[in-house]
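S.K.: Make a model of this:
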Amino acid sequence: MNVESSLIEAHIFRIVNDRMEFLLLKRAEYEKYPGIWQMVTGSIEDNEKAFEAALREINEETGLTPLNFWVVPNINSFYWAEKDVVSTIPVFAALVQPDANVLISEEHSMFKWVDKNEALSLLAWPGQHRSVEIIHDYFIQKKYFLNFVEINIR
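M.R.: Just a heads-up that it's a prediction; the model follows:
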């Protein structure tokens, strides 16, 4: 068994009236894990850095361009039985304009902006819940000891 990192997770959020809202996407019925709610996810292409893959996937899946972009101090993981590997997944956070126009890809059937509690109730896996909690704590609870690293995308 090997360990690999070939996927990314990117949480898009906006601030509206001092409230944080997360963008969740509902998987299309013909996709793997049909009908689940998720953040932006995707594969890292050859010769692509993880953060570059996250920015590309954000654009492909939502049509959005972040104002700011951070590395979340959390790594998700799961066992991928078909490949017999443990997959480690870097997590990113992307701030967008409050009035940003979301254009979902064919991978998803719908989207919605939700608060932290609704995000926690809709997301399927504990690692995703942890990422939402960490992002919320950092930006809303001002727990700066979490030490998010901002990636310059300008």
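S.K.: If we go by neighbour counts, what in stretch 95-113 is buried?
M.R.: Buried residues in stretch 95-113, counted by 16 or more other Cβ atoms under 10 Å: 95-96, 100, 102, 104, 107-108, 111, 113. For the C-beta atoms, the positions are set from N, CA and C on the backbone; glycine is no exception.
S.K.: Can you name the residues in contact with that stretch?
M.R.: Stretch 95-113 is contacted from outside by 12-16, 21-29, 31, 35, 60-69, using Cβ atoms under 8 Å, 6 or more residues apart in numbering.
S.K.: Which ones among those residues lie within strands?
M.R.: When DSSP state E defines the strands, the subset of the contacts of stretch 95-113 inside them is 12-16, 21-27, 68-69.
S.K.: ok so, going back, and the buried residues of stretch 95-113, which two are furthest apart?
M.R.: Of all pairs drawn from the buried residues of stretch 95-113, the widest gap by Cβ to Cβ lies between 95 and 107 and measures 22.5 Å.
S.K.: Which residue ranges of the chain form strands?
M.R.: 2-4, 7-16, 19-27, 37-38, 40-43, 68-80, 85-95, 108-114, 149-150.
S.K.: hmm, back to that, just name the closest of the ones in strands among the contacts of stretch 95-113 to residue 87, please.
M.R.: For the ones in strands among the contacts of stretch 95-113, the closest approach to residue 87 (Cβ to Cβ) belongs to residue 27, at 17.9 Å.
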